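Novice: sharing a model that was predicted from the sequence below.
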Amino acid sequence: ELSDLSAKDTEREASNASENQQLLDPTVVVEEIIGSALSDPDVHGQIPSEGLRQEEEKVLKQMEDEEVMIQAPSMKKIIQFAIPAVGVWLCSPLLSLIDTSSVGLLSGTVHQAALNPAVAVTDYSALLVAFMYTATTNLVAGAQENEKNSRDKPMTSKTLIHALQLSGYVGVALGFTLSTLAPLLLRKIIGNDAIDPAVFAAALRYVRIRALGMPAAVIIGSAQSACIGMQDVKSPMYVLIAAALVNLIGDIIFVPSSSPWLGGAAGAALATVFSQYAALGLFVKWLTSKTKPKPTVNLTQAILELTGKSSEGRSRRMKFRRTLQKLSKKTRNSATDTDVVQKPSPRPFAKIFKKSEKGAKPAVEGFSTRGFLANKLKITDLTKFPPKKEAKEFWPYVIPVSTTSVGRVSAYVAMSHVVSSSLGTLSMAANQVVLSVFYCLTPIADSLNLTAQSFIPGIFQKKEGQARTNALKKATSNFIKVAGIFGMASAAFVGLVPFFSSYFTSDPLVIAKVNAVVPLLAGIFALHGFVCTGEGLLLGQRDLGYIGRSYFSYFFAVPYFMLRIKKMALAGNASMNLNSLWEIFLGYQFVRVATWAVRLRFLNKKSNEEVPAPVPVTA
């Protein structure tokens, strides 16, 4: 019997060594131990076999959770990703800023005044399609995570193509609606029937021309969102720079023209539309064109020249021999001087192995979407409608994200309306300066929203277990820490406003009103990082219904409190001023931070409860 057992052991060891020469899979070890326990007559009957099988499943599941390490993004990685992502948020404001500057310098006051309501109508309307960007980021990030071990990533490619196709039709619908309702929207946002007809006509032309570029704008936005979902922040930056350059050149060409449909505000709109379609063409070219492969080196020919006797390789052999002789002399001299013989290391790559044992990963180049859709997408494919089944995947994002966008806009619209209708000219001028600072600094923290939507879906879509719960908890903690850093940085920038107020206006009364708002604005930005991070974390975990319901409430609550300021100001209450409105906005920030924090805590608790506790083995 002993000889038979030893023979079997020898055969088993030989078989394992010949198959893979690696360590045994832990799951195989568990199966062998439990299998031997069930077949051993000394053990069988003392421990119920059903209990052993249940315990086997639990142990294997715990081992699976421990073995499959889900990496949470570190603070350094979040910051490195979020800073370039600021450029994505700056795309639309940058194009509008170029238009405003060009028209003001080249066309005069009437056309510049027309841009104020026209740009507001265009930019606020564009927020209605933000669901496409949020959906694309989350769906692409989830698909890529599921295919992280796949080289071609067919699911990710199809998701991106369908997003681009659907974006074109959404853009057409938005452009048609915007062009049709432009007169009504302009009158509502201006709120004054006595406006100069020339200003209104210029604003109307601007909106209708910009409506022609909405298909390209939505496709570009979805493509940028897909790049963010695949953690590629460089490609959107290239497109942004290209669009800005084309827009600037177009403004220089069109804006000085005296034609009402080619110059002034209309010329600025034409330049923006051309820049959007040019950027679209560049983006499609970027996604479908691979980089040229580097020239290969013929190692076989080089080796033959060094080891053979051909006349072509004689000079190379002589040079190689002289190099070896020099190295040999240096080695002998070094050994003689030190009288120490260095022993060869049994593990020449010990340091690398040591790092690997600690869990360190080798450096990996940043992912690029260049050529990602090569041989998969043609420019004509953008005119096709995606399959109905795939298009439905975007539907869950429509109402919650659109409600979120409308809820955000309602606060700004209500504030502008109250200032214009009840607080006077000085407050209007001061609020314009404050809003300019506000819009310039919000992208700093807004980038954390996109960053969270890029990293969190990949973790959230993992199999439920302790590893996923721990990764989500760690990621949330890191994002909150980075939010505090970004918030403090933004607040520090706001603190510099009093030193630069004179560069915005020469009126000392306006400067005084601006400086009075600065402490409130600093508090708002100190919280803004937490607001954007919390929203991104919830969107990354697809908690869309909660966000939609929250912003539905804000849509009514924030304007209600601001309109009360208007009522009291018109009633003669002198204490109602610009600060009163920004105090309400500061309270709005506090409410959102508290709301997101409570919800994230609830989701974390729910995730912990879903993880089954290990059951001890009972004898």
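Specialist: Cool, got the structure.
Novice: need the contact list for the closest residue to Lys153 other than its chain neighbours.
Specialist: Closest residue to Lys153 apart from its sequence neighbours, by Cβ to Cβ, 6 or more residues apart in numbering: Glu147 at 4.6 Å. C-beta here means a position set from N, CA and C on the backbone, and glycine is covered the same way. By Cβ atoms under 8 Å, 6 or more residues apart in numbering, the residues touching Glu147 are Lys153, Pro154, Met155, Thr156.
Novice: let's go with 10 Å and repeat that
Specialist: Contact partners of Glu147, counting by Cβ atoms under 10 Å, 6 or more residues apart in numbering, are Lys153, Pro154, Met155, Thr156, Ser157.
Novice: try Ala471
Specialist: Per Cβ under 10 Å, 6+ apart, neighbours of Ala471: Met69, Ile70, Gln71, Ala72, Pro73, Ile456, Gly458, Ile459, Phe460, Lys462, Gly465.
Novice: hmm, try it at 6 Å
Specialist: By Cβ atoms under 6 Å, 6 or more residues apart in numbering, the contact set of Ala471 is Ile70, Ala72, Ile459.
Novice: kindly report the same for Ala211.
Specialist: So Ala211 contacts Gly175, Leu178, Ser179 (Cβ under 6 Å, 6+ apart).
Novice: can you do 10 Å?
Specialist: Applying Cβ under 10 Å, 6+ apart to Ala211 gives the contacts 121-122, 125, 171, 174-182, 217, 269, 273.
Novice: low-confidence ranges in the stretch 1-150 of the chain?
Specialist: For the stretch 1-150 of the chain, residues meeting the criterion pLDDT under 70 lie at 1-69, 87-94, 96-97.
Novice: what's the answer for the chain, then?
Specialist: Applying pLDDT under 70 to the chain flags the ranges 1-69, 87-94, 96-97, 191-195, 292-314, 316-317, 320, 324-366, 504-505, 610-619.
Novice: can you report phi and psi for the residue most central in space within it?
Specialist: In the chain, the C-alpha nearest the mean C-alpha coordinate belongs to Leu450, at 3.1 Å (Cα atoms, centre = their mean). Here is the backbone geometry of Leu450 (degrees, to the nearest 10): phi -60, psi -40.
Novice: ok, back up a step: of the contacts of Glu147, buried ones?
Specialist: Buried residues within the contacts of Glu147, counting neighbours by 16 or more other Cβ atoms under 10 Å: Lys153, Met155, Thr156, Ser157.
Novice: surely the second one is in contact with Ala143?
Specialist: Yes: if you go by Cβ atoms under 10 Å, Met155 and Ala143 touch, sitting 4.7 Å apart.
Novice: return the residues in contact with the nearest residue to Val218 once chain neighbours are set aside.
Specialist: If the residues on either side of it in the chain are set aside, Val218 comes closest to Gly171, at 3.5 Å by Cβ to Cβ, 6+ apart. Residues near Gly171 by Cβ under 10 Å, 6+ apart: 126, 129, 132, 211, 213-222, 276.
Novice: again, but for Ile98
Specialist: Applying Cβ under 10 Å, 6+ apart to Ile98 gives the contacts Ala243, Ala244, Leu245, Asn247, Leu248, Gly250, Asp251, Ala268, Ala271, Thr272, Ser275.
Novice: do that again at 6 Å, thanks
Specialist: Taking Cβ under 6 Å, 6+ apart, we find Ile98 in contact with Asn247, Leu248.
Novice: thinking again about what came up before, dump the buried ones among the contacts of Glu147 to a markdown table, plus distance to Val434 and secondary structure.
Specialist: Shown next, in a markdown table, are these (distance: Cβ to Cβ, whole Å; DSSP: H, G, I helix; E, B strand; the rest coil):
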| residue | distance to Val434 | secondary structure |
| --- | --- | --- |
| Lys153 | 46 | coil |
| Met155 | 46 | helix |
| Thr156 | 43 | helix |
| Ser157 | 45 | helix |
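Novice: ok, of those, which one's closest to Phe81?
Specialist: Closest approach between the buried ones among the contacts of Glu147 and Phe81, by Cβ to Cβ: Thr156, at 18.4 Å.
Novice: so Pro215 touches Gly168, yeah?
Specialist: Yes: look at Pro215 against Gly168 with Cβ atoms under 6 Å: they come within range, at 5.3 Å.
Novice: follow-up on the earlier one: among the contacts of Ala471, which one has the most neighbours?
Specialist: With neighbours defined as other Cβ atoms under 10 Å, the most crowded of the contacts of Ala471 is Ile459; it has 24 neighbours.
Novice: run through the residues that contact it.
Specialist: With contact set as Cβ under 6 Å, 6+ apart, Ile459 has these partners: Ile70, Ala471, Leu472.
Novice: and it, how far is that from Thr180?
Specialist: With distances taken as Cβ to Cβ, to the nearest Å, Ile459 is found 43 Å from Thr180.
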